[in-house]
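Colleague: below are the sequence and a predicted model; questions follow.
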Amino acid sequence: MDKTILLFDGVCNLCNGWVQFVLKRNKSESIIFGSLQSVSGQELLKTHNLSQTQFDTLIVINQGKVYKKSQAVFILIKQLDFPWPVFAVFKIIPRFLSDKIYDLVARYRYNIFGKMDQCMIPKENVKDRFLP
């Protein structure tokens, strides 16, 4: 598969907001999506020896490599429509620091942005960009 896969916490409002942001700004449709809780998401986590219960980070699978936390975000923004790839310049921030910031947001995401009772159901017009 030549598409980039974004696995996200399907009940997290912040994560779902990020998915909507990426959907609107990835006109090339190079990114497809899957909930970490979905059957496909669970299979991918298992295949890549990742936790199937800890959903504290986005997971990006690009060209067979797995990226997490801030590195996952940088992989994604490079594939968005202009001007968003310009923000990839922030990759110069040392990873330990960018991941600390990511971890801080991830730790409090439910408190700040809320949580849904069930995973988001994609709208019909983008359903083909989501893994089952």
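Modeller: Yep, it's here. Numbers count the residues shown, from 1 in each chain.
Colleague: what packs against the longest helix belonging to the chain?
Modeller: Longest helix in the chain, counting residues (DSSP state H): helix 95-113. In this structure, helix 95-113 makes packing contacts with helix 13-25, helix 69-77, judged by 3 or more Cβ pairs under 8 Å, 6 or more residues apart in numbering; DSSP states H and E. (C-beta placed from N, C-alpha, C; glycine too.)
Colleague: how far off centre is stretch 70-89?
Modeller: The chain centre lies 12 Å from the centre of stretch 70-89; the measure is Cα atoms, centre = their mean, to the nearest Å.
Colleague: flag every buried residue along that stretch.
Modeller: For stretch 70-89, the neighbour count (16 or more other Cβ atoms under 10 Å) marks 70-80, 84, 88 as buried.
Colleague: got it, and stretch 24-33?
Modeller: Result for stretch 24-33 [16+ other Cβ under 10 Å]: buried residues 25-26, 31-33.
Colleague: tell me which two in the residues you listed are the farthest apart.
Modeller: Pairwise distances across the buried residues of stretch 24-33 (Cβ to Cβ) peak at 14.6 Å, for the pair 25 and 32.
Colleague: for the buried residues of stretch 70-89, which one is nearest residue 58?
Modeller: Nearest member of these to residue 58, counting by Cβ to Cβ, is residue 72, at 4.5 Å.
Colleague: residues in contact with that closest one?
Modeller: 6, 57-60 (Cβ atoms under 8 Å, 6 or more residues apart in numbering).
Colleague: can you pick the most crowded of those?
Modeller: With neighbours taken as other Cβ atoms under 10 Å, the top of these is residue 6, carrying 27 neighbours.
Colleague: fine by me, thanks again.
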